[in-house]
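here are the coordinates; sequence isn't available:
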């Protein structure tokens, strides 16, 4: 996994998945762990039950002690020859700007020119699962699968998390398929013989546009389950999950629009009747 943003490191990188460092990345790591007093990121706060901004309030590393000496805590720039010679645990603490008593803690370890996240509280699952509660009524029984997928990913299980995401995707397609079965002109034999890509085309009139345009996501999930490594699946998971959420967001939007349309029509008809009386 590439570290392209701070959010990737704190909110996407799984525990114990090493990132190989090199000379080109050294400067970025120095900035990340030595010059980041004002570092902040936005994410869901489980204790606030809302999106919030988290600001770094503690940034420290430990220099390997010699025999008989006490461990010293430092917060200044460190030398990479020392960093690469010893494994140096690194702790960073962020506080929620809605309530500074709400704390996120991260631990990192450097060894053999590798960066490893060794600890995180709250877990990625703790952060992400509450943020998908808005889909609970829409997903029904599939909501537990969505939660399991996030939980597996947070524990470093890649292909297994894809299994649950693909099942959710298939059930979203099947839900629309059941609607088409009521049509007199529906060719279900053709549908059953078709690959998923073609099934989506056959159902496209009732599917979210974002799903039809990006139907290749199913192939990505399938390849992840059958061919890709755990690390490759873990790296792809956040964006595949985002794709599922975009599909669900569009369905929620359509539900809300229909509800508002029904409410507005009811208001107009009721008001017209009252004004005539």
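Alright, I've got the coordinates. Every value quoted in this text rests on a predicted model; they were computed, and no experiment measured them.

now residue 188, nearest residue through space, not along the chain?
residue 181 (6.5 Å; CB to CB, 6 or more residues apart in numbering). All C-beta spots, glycine's among them, are computed from the backbone N, C-alpha and C.

wait, the one you found touches residue 187, no?
No: using CB atoms under 8 Å, residue 181 is not in contact with residue 187, being 10.9 Å away.

in the stretch 51-200 of the chain, which ranges drop under the pLDDT threshold?
Low-confidence segments of the stretch 51-200 of the chain (pLDDT under 70): 60-89.

what ranges do the helices span in it?
80-85, 124-128, 136-139, 142-154, 159-180, 188-193, 196-202 (DSSP state H, counting those that start in this stretch).

ok, which of those comes nearest residue 13?
helix 124-128 (8.9 Å; CB to CB).

what residues does that closest one touch?
The contact list for helix 124-128 (CB atoms under 8 Å, 6 or more residues apart in numbering) reads 11-12, 14, 43-44, 46, 147, 150-151, 153-155.

any idea which helix is longest in this protein?
Secondary structure of the chain per DSSP state H: the longest helix is helix 230-276.

so what pairs up with the residue nearest to residue 106 when sequence neighbours are not counted in the strands?
Leaving aside its sequence neighbours, residue 106 sits nearest to residue 92 (CB to CB, 6+ apart; 4.8 Å). Beta-bridge partners recorded for residue 92 (DSSP bridges): residue 59, residue 106.

measure residue 92 to residue 139 for me?
As defined by CB to CB, to the nearest Å, residue 92 lies at a distance of 34 Å from residue 139.

cool, residue 204 as well?
Computed with CB to CB, the distance linking residue 204 and residue 139 is 21 Å.

quick one, which of these two is more surrounded?
residue 139 (19 against 15; other CB atoms under 10 Å).

cross-check the contact I'm expecting between the more buried one and residue 248.
Yes: with contacts counted by CB under 8 Å, residue 139 reaches residue 248, the gap being 7.3 Å.

OK, contacts around residue 214?
residue 243.

so for it, what's the pLDDT?
As predicted, residue 214 sits at a pLDDT of 91.

same deal with residue 33?
So, for residue 33, pLDDT stands at 59.

now the one 3 residues further on
At residue 36, the pLDDT value in this model is 58.

and if you look at residue 231?
Residue 231 is assigned 84 on the pLDDT scale.

what's around it, how many residues?
14.

related to what we said a few turns ago, thinking the residue nearest to residue 106 is in contact with residue 103, fair?
No: using CB under 8 Å, residue 92 makes no contact with residue 103, being 11.0 Å away.

neighbour-wise, which of the two wins?
Each of residue 92 and residue 103 has its neighbours counted (other CB under 10 Å); residue 92 has more, 21 against 16.

from residue 238, how far off is the more buried one?
Counting by CB to CB, the gap from residue 92 to residue 238 is 21 Å.

and for residue 128?
Relative to residue 238, residue 128 is positioned 9 Å away (CB to CB).

go on, residue 42?
From residue 42 to residue 238 the distance is 15 Å (CB to CB).

do the same with residue 212
Distance from residue 212 to residue 238, by CB to CB: 22 Å.

go on, residue 200?
Distance, residue 200 to residue 238, using CB to CB: 23 Å.

who has more neighbours, those two?
Per other CB under 10 Å, whichever of residue 200 and residue 238 has more neighbours is residue 200, with 21 against 17.

for the more buried one, what are its contacts?
Applying CB under 8 Å, 6+ apart to residue 200 gives the contacts 173, 207, 211-212, 215, 218.

can you check residue 179 too?
Contacts of residue 179 were listed using CB under 8 Å, 6+ apart, and they are residue 206.

ditto for residue 255
Contacts of residue 255 were listed using CB under 8 Å, 6+ apart, and they are residue 138.

if we can go back for a sec, quick one, the longest helix of the chain and helix 159-180 angle?
Orientation of helix 230-276 against helix 159-180 (axes from the mean of the first three to the mean of the last three CA atoms, to 10 degrees) gives an angle of 30 degrees.

how far does helix 230-276 sit from the chain's center?
Helix 230-276 has its average C-alpha position 20 Å from the chain's average C-alpha position, going by CA atoms, centre = their mean, to the nearest Å.

go on, stretch 6-23?
Centre to centre, stretch against its chain (CA atoms, centre = their mean), the figure for stretch 6-23 is 15 Å.
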